[in-house]
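>>> Take this sequence and fold it.
(chains A and B)
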Amino acid sequence: MLRFIPILTIVLMIGPVSAGLIGTLLPAFGILPALGGNSPSLDPLAALFAQPGLGSSIRLSFINGLAATVVSVATVMLFCAAWQGTRIFHAMQRILSPILSVPHATAAFGLAFLIAPSGWMTRVVAQVAGWDRPPDIAIIHDPWGLAMIAGLVAKEIPFLFLMTLAALPQADTERTTQVTATLGYGRVAGWFKATLPRIYPQIRLPILAVLAYSTSVVDVAIILAPTTPAPLAVRILGWLSDPDLALRFMASSAAVLQLVIVLVAMAVWFAGEKIIAILGRHWAEDGRRFKRDKGARGLGAVLALVAAGTVVLGLVVLLVWSIAGFWAFPDLLPRGFSLRLWARELDTIGSSLATTLCIGIPAVLIAVVLVLACLENEVRTGKSAGRRAMLLIYLPLLVPQISFMFGLQVFFTLIGLERTLMSVVLGHLVFVAPYVFLSLSDPFHALDPRYGQTALCLGASPARVFWQVRLPLLTRAVLTAAAVGLAVTVGQYLPTLLIGAGRFATVTTEAVALASGGDRRMIGIYGLLQMVLPFAGFACALLIPAFLFRHRRGMMAQHKE
Amino acid sequence: MPEGIKKGLELRDVRICLRGVELVSVDLTIAPGEIVTLMGPSGSGKSSLLGHICGTLPDVFDVSGQVMLDGSPLDGMAPQDRHVGILFQDDLLFPHLSVGGNLAFALPSSVRGRANRRARVDEALRSAGMDGFYDRDPATLSGGQRARVALMRVLLSEPCALLLDEPFSKLDSGLRDQIRSFVFDLCRKNQLPTLMVTHDPEDGDAASGRIIHLD
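Alright, predicted model coming up:
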């Protein structure tokens, strides 16, 4: 039984992606019998390229996605180089881990509330400069899409930071740092010359996931990106939601175009890697020490702090807006506070939380069981999954959501599962399982194999070793992985909307739907609601093991290493 | 302990190779109650040999020869069915269980009844000079106490042979003699064929049995 779980898992990851891609490709070339498309044609493509502003949409997706990725990666690398092993580094670790649980849309709303013309930061400036009305410029939805880049960067930095953190110990980086320092290198230069080349292969996949996400993001783009024209992914969603069903053909060809954009962006990234690798080797061997790097170190700290600070401050402003009474422009705080809106929305809040959990709990449970079974199977057979299998599990994160979600919806319709809880759960599982795997595999592999060997030699069956030794020892890691999974399902916008065909109103679909209305108090409420479940999940992951093992000091020490 | 003809632990021409390179090659019989010491530098495949005997060696290694315990072959058997106990240099007490829980984990399920099982564990604790330690957190024990619990845990699983993988190297030198004689005495008392690998010559001297040098 256990032997088949890895294959089942891969099928559950690859199946939806391939079914979805086929279901997108066929209509893109005119084939969708349900809507009368029976023969192949290039009309959908022609219609797509006749759309006004398509070039701008492509540019926004491509350039801004790459820019967001470059800025996020550069910031994380610079920060790690400058501060690894210091107190600031550990402090940042504590701040950034919870930020990882903030859904993208919440972070984007928070940012919007800070930098919008009537946002909180603008109010601070207005207080100083003596303005009495908001400046008349587009700060969010700006034509360059800078706000979107900022929103993506603020949210991707914590993710890439934690991925880098997981890679660091495997490359013996603490001692490498000592070696480069005693050879006379400045911290930053030593890290970039000696450590980065060793850890980069391990953070490459997460970086590509960030790249694919940033070039095809929908929810953040709806909240922060320019609207005329919008980035491609947002326009695709618009066409898919159009009552004119004939637009589905063009939407599909646009979804294929979106896939091509992501692939080209990855090709550009690979080319960049190659160039940097060649230049970097010469640079590493030229012997320059860069001993005075206070400036670079300061910059690294500032960038990381600004990113973290933006998300945290954004959450605070969301909270304030959700309970704000009358709040005139340059005032830094509202005149009064009221819970009236929370009380009015209580029923909707309850039902959207319930819907979110109805989808999230099964998706997380299935993901955790599958991942644990895969890892346990590895231990029992003594064979590790290998890089190729890893890539397959990552695949859903590397293909733009919008390019296969519509096709998947078509597929589910075909097999009669459209708009069902099951299909939405399966749609979420595709994104939850990779993150659960990512979160659980390191702690699972880090567990001393001799615990298992000892237990076996004491006469315990492999099943008993799993249930009574490995699983309890990994309690915290398993719960953390489940919390990560929950945060992922709560944040899913597109799969819920497309596969559920609007039937499932989760906290995230509700929040994003409010974006165009501009009711700040309502956005404040639903933005915060998105935070509630992930936050509760991480709190449980922290408190449950602490309670269960309150008399077992060894369980605390074990996880501090 | 299961009944049967006590022939001890036999390693018949056991060779372990990794990617065509021979790591270790031994041919040896260990009588019940005998302690054989295998000395050799690190990387000489000592631990791989122990892994092979207890059945936890990963299958990337190529192994030839036969391992016999009390006359029957162990090769191909699952580790949990072999009745071969092992002690590592770390005590590897399960941190999530109490001291008594660790011992009860090892006690075969054929010992029935809660009170009966508890009595067996308490008895083991008493014989280790640790009366009343059932509910203690293993993390609060001293190094010597942990080592003794680890040994009692192996013995409660009713092994027919015992493997020691540098079991004393992490103990303070003052404790080492005391734990050594505690372990060796119990091995002899339980008539266990015991194979110890170490790089500390004092371990071999203290065992006062055959010493085999690997190179």
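
>>> Backbone dihedrals for whichever residue of the stretch 301-450 of chain A sits closest to chain B, please?
Proximity of the stretch 301-450 of chain A to chain B (C-beta to the nearest C-beta) peaks at A:Gly382, 4.5 Å away. For the C-beta atoms, the positions are set from N, CA and C on the backbone; glycine is no exception. Note on A:Gly382: its backbone torsions stand at phi 70, psi 10 [degrees, to the nearest 10].

>>> Do I have it right that it meets B:Thr56?
No: when contacts are counted by C-beta atoms under 8 Å, A:Gly382 is not listed as touching B:Thr56 (9.2 Å).

>>> So the chain: which segments form each domain?
Went with chain A since none was named. The record assigns chain A these domain ranges, following automatic domain parsing: A:1-41+A:339-561, A:53-338.

>>> my question was about chain B
Following automatic domain parsing, one gets these domains for chain B: B:1-83+B:161-215, B:96-158.

>>> Can you lay out these as JSON lines showing mean pLDDT, distance to A:Ile236 and mean neighbour count?
As requested, the domains of chain B are exported to JSON lines (pLDDT from 0 to 100; distance: least, C-beta to C-beta, whole Å; neighbours: other C-beta atoms under 10 Å in any protein chain shown):
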{"stretch": "domain B:1-83+B:161-215", "mean pLDDT": "89", "distance to A:Ile236": "49", "mean neighbour count": "17"}
{"stretch": "domain B:96-158", "mean pLDDT": "94", "distance to A:Ile236": "50", "mean neighbour count": "18"}
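
>>> Could you dump those domains into a markdown table and include distance to A:Arg552?
Supplementary listing: those in a markdown table, determined by distance: least, C-beta to C-beta, whole Å:
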| stretch | distance to A:Arg552 |
| --- | --- |
| domain B:1-83+B:161-215 | 21 |
| domain B:96-158 | 5 |
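
>>> Determine which of the ones you listed approaches A:Pro545 most closely.
Among the domains of chain B, the nearest to A:Pro545 by C-beta to C-beta is domain B:96-158 (9.5 Å).

>>> Show me how far the closest one is from its chain's centre.
Taking C-alpha atoms, centre = their mean, to the nearest Å, the mean C-alpha location of domain B:96-158 is offset from the chain mean by 16 Å.

>>> cool, stretch B:85-97 as well?
For stretch B:85-97, the distance between its averaged C-alpha position and the chain's averaged C-alpha position is 11 Å (C-alpha atoms, centre = their mean).

>>> That stretch near chain A anywhere?
Yes: in this structure, stretch B:85-97 sits against chain A according to C-beta under 8 Å from any C-beta of the partner chain; the contacting residues are B:85-86, B:88, B:90, B:92-96.

>>> and the end-to-end length of that stretch?
Stretch B:85-97 stretches 20 Å from its first residue to its last (C-alpha to C-alpha, to the nearest Å).

>>> which ones are touching whatever residue of chain A ends up closest to chain B?
Using C-beta to the nearest C-beta, the single residue of chain A nearest to chain B is A:Gly554, 3.0 Å away. Contacts for A:Gly554 were tallied using C-beta atoms under 8 Å, 6 or more residues apart in numbering or on different chains; they are B:93, B:95-96, B:137-139.
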